[in-house]
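[1] turn this into a structure:
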Amino acid sequence: MSEIEKLYELYFMDIFLYVMTLTKDENLSQDIVSETFLKAIKGIDSFNGTCDVRVWLCQIAKNCYFSYLKKNKRYTQINNFKEESYTQDIVKKVTDEIKVKKINKIIEVMKDPHKKVFVMRFNSDLSFKKIGELFNKSENWACVTYHRAVNKIAMEMEKDNENNL
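    Just a heads-up that it's a prediction; the model follows:
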């Protein structure tokens, strides 16, 4: 599978959902997403890696949508569109949701006690002292175990990011 096919497979749904928030029209969104990936293929050399690929693709999609609006003389929507904050909010929301899903998958396969300690601390907001007591261990053990779990999650997220490019 080529890099472009991987990008399409990985990010199609994210970009489609983003474009749907702009157009509120499924058919138009599909057209704009198709155009987005065509432009991305043509301009892949211009991607410098200073931002997430998803953000770059959303920017292309937004520009494709604006071009569509201009071509179809829907200037009022363009002028009333709060581009900067709206785009950033949508991209952040999509990115955050994807990160949460990835983190949950990592936690699912994590081994105990790291998994249990992480969940107790992160989800239940238990103190390290209380977690240590539940495991008949010290507060320091709970703290170290939690931070090791966090490091494992961070390493897996980093691996995932490297594999997606």
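[2] how many other residues sit next to A149?
    A149 has 23 neighbours, counted by other Cβ atoms under 10 Å. Quick note: C-beta positions are derived from backbone N, CA and C, even for glycine.
[3] that one is in what secondary structure piece?
    Assigned by DSSP states H and E, A149 falls within helix 139-164.
[4] list the buried ones in that helix?
    W141, A142, C143, T145, Y146, A149, K152, I153, E156 (16 or more other Cβ atoms under 10 Å).
[5] likewise stretch 13-33?
    14-16, 18-20, 22-23, 28-29, 31-33.
[6] could you redo those residues as TSV and give each row distance to Y65 and secondary structure?
    Output for the buried residues of stretch 13-33, formatted as TSV (distance: Cβ to Cβ, whole Å; DSSP: H, G, I helix; E, B strand; the rest coil):
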residue	distance to Y65	secondary structure
D14	15	helix
I15	11	helix
F16	12	helix
Y18	10	helix
V19	6	helix
M20	11	helix
L22	5	helix
T23	7	helix
L28	8	helix
S29	9	helix
D31	10	helix
I32	5	helix
V33	10	helix
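[7] let me know the closest of those residues to L7.
    I15 (9.8 Å; Cβ to Cβ).
[8] quick check: the closest one vs K102, distance?
    Noted for I15: a distance of 18 Å to K102, by Cβ to Cβ, to the nearest Å.
[9] with E3 instead?
    20 Å.
[10] and V119, by the same measure?
    Distance, V119 to K102, using Cβ to Cβ: 16 Å.
[11] give me the low-pLDDT residue ranges for the protein?
    For the chain, the stretches with pLDDT under 70 are 1-2, 4, 48-49, 73-95, 161-165.
[12] helices of that one, residue ranges please.
    Using DSSP state H, the helices of the chain run over residues 3-23, 26-42, 53-71, 75-80, 83-109, 114-122, 128-134, 139-164.
[13] domain parsing for the chain?
    If you go by automatic domain parsing, the domain ranges for the chain are 1-97, 110-165.
[14] in stretch 107-120, what's buried?
    Per 16+ other Cβ under 10 Å, stretch 107-120 contains these buried residues: I107, M110, P113, H114, K115, K116, V117, F118, M120.
[15] am I right that the third one is in contact with F135?
    Put plainly, it is P113. Yes - counting by Cβ atoms under 8 Å, F135 is a contact partner of P113 at 6.4 Å.
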